[in-house]
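K.L.:
Based on what follows, work out the 3D shape:
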Amino acid sequence: MITYKERKQRFFEEFQSPEEIFSYLKEHFSGNKRIKIKFDVEDRELFINEFKEDGLHVLAVTDENYTLGSNKIIIIYGLVQKYFEIELEVVEERGPGYYECIVKSGRKATSGRADIRFKVNSDDVIVTNFRISKHTIDVTMFTIPTSIKVILDQFEAQNRSTADFFEVGLVGNSTDQVIQEIRRSGKTMFVEDFDNDGAFAPMTDDFVSLHEIFAHEFPKYVAKIKEKGIRSAIIVPILYLTDNEQTIPFGYISMMTKDRLLTFEDVITMKERTFKLVDRIRDANTAFIEAKQQILDISRGGARLKVEDAQLKAA
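P.N.:
I've put the predicted structure just below:
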């Protein structure tokens, strides 16, 4: 299914009457000047070769292969200082791509476009060297491709020797209360010394509070940690930037030691490791395509491309 989306939001005002629209078209599009047809897959244009004397009817000509919709409405659009859209209703089909129409309604933008578009020739400007995603990583549903899970496992194996306990996991797979709080808040857990009661207070708002997570169960949690021989611990979230530019914790790195006390510098190092890990994930999940595609127009707001490469269309 083909969908159409305006690149920028526009605000419109309606033309006052069909007669006003007729005059607008006659003033700006006499002499067979071409006007684009909206919602046409082939990006066709038409021109008006006759304006009737009644001030309402026009004769429009377009590609003979154009297929008229069941509602018999053709929407034309363009830019005359301001963007406009006009509906023409076909009252008689006089031949392939040749229609007698009556002006129905129209609207135009209340302000001009801030970014002027410049048409370019296909031989002058192209775009190439595309980077596309191989797989969809839906971290909101914690749907991670197998290739990405392999990277997490490799990263864990490479760093396992740096601590007595080193783990890389997905927050969606964990029922641990601390991990779930990290998933919810995106904060870090850091306890420098489980034998020091003062070490449980969060250093800043960027750290979780174990007292708040466990409440009256806090002493039991600390006792279980000490039973495992753990003295110091850091758990940092792995943050992923989605297509909607939302930062979501989808995984975590847990580092725990029995004798060596971890420090705030270790926290910084761990966070840097998560950044490198996400870079590896992005690199592994992207493909490089050297296809050359035509640029149709350029503005300060971006460029409009004509995508013809099969791989790019499927991306």
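
K.L.:
Report the contact partners of the closest residue to Leu239 other than its chain neighbours.
P.N.:
Leaving aside its chain neighbours, Leu239 sits nearest to Thr247 (5.1 Å; criterion: C-beta to C-beta, 6 or more residues apart in numbering). All C-beta spots, glycine's among them, are computed from the backbone N, C-alpha and C. Thr247 sits next to 186, 239-241 when contact means C-beta atoms under 8 Å, 6 or more residues apart in numbering.

K.L.:
measure Thr247 to Ile238 for me?
P.N.:
11 Å (C-beta to C-beta, to the nearest Å).

K.L.:
Which of the contacts of Thr247 fall in helices?
P.N.:
When those are checked against helices (DSSP state H), there are no matches.

K.L.:
Between those, identify the one with the most neighbours.
P.N.:
When the contacts of Thr247 are compared by neighbour count (other C-beta atoms under 10 Å), Tyr240 ends up highest, at 19 neighbours.

K.L.:
Go ahead and confirm that residue touches Val278.
P.N.:
Yes - taking contacts as C-beta atoms under 8 Å, Tyr240 lies within contact range of Val278: 6.2 Å.

K.L.:
which stretches of the chain have low pLDDT?
P.N.:
Filtered on pLDDT under 70, the chain yields the residue ranges 1-10, 111-126, 128-144, 242-246, 284-291, 297-304, 311-315.

K.L.:
which residues touch the longest strand along it?
P.N.:
Criterion DSSP state E: the longest strand present in the chain is strand 82-95. By C-beta under 8 Å, 6+ apart, the surrounding residues in contact with strand 82-95 are 10, 12, 15, 21, 24-25, 38, 57-60, 64, 68, 72-78, 99-113.

K.L.:
If we use 6 Å, what do you get?
P.N.:
The contact list for strand 82-95 (C-beta atoms under 6 Å, 6 or more residues apart in numbering) reads 21, 72-77, 99-102, 104-109, 112.

K.L.:
do the same with stretch 260-277
P.N.:
155, 190, 192-193, 232, 234, 236, 238, 253.

K.L.:
Name the residues of that stretch that come out as buried.
P.N.:
262, 266-267, 270-271, 273-274, 277 (16 or more other C-beta atoms under 10 Å).

K.L.:
Same question for stretch 74-85.
P.N.:
In stretch 74-85, counting by 16+ other C-beta under 10 Å, buried: 74-78, 83-85.
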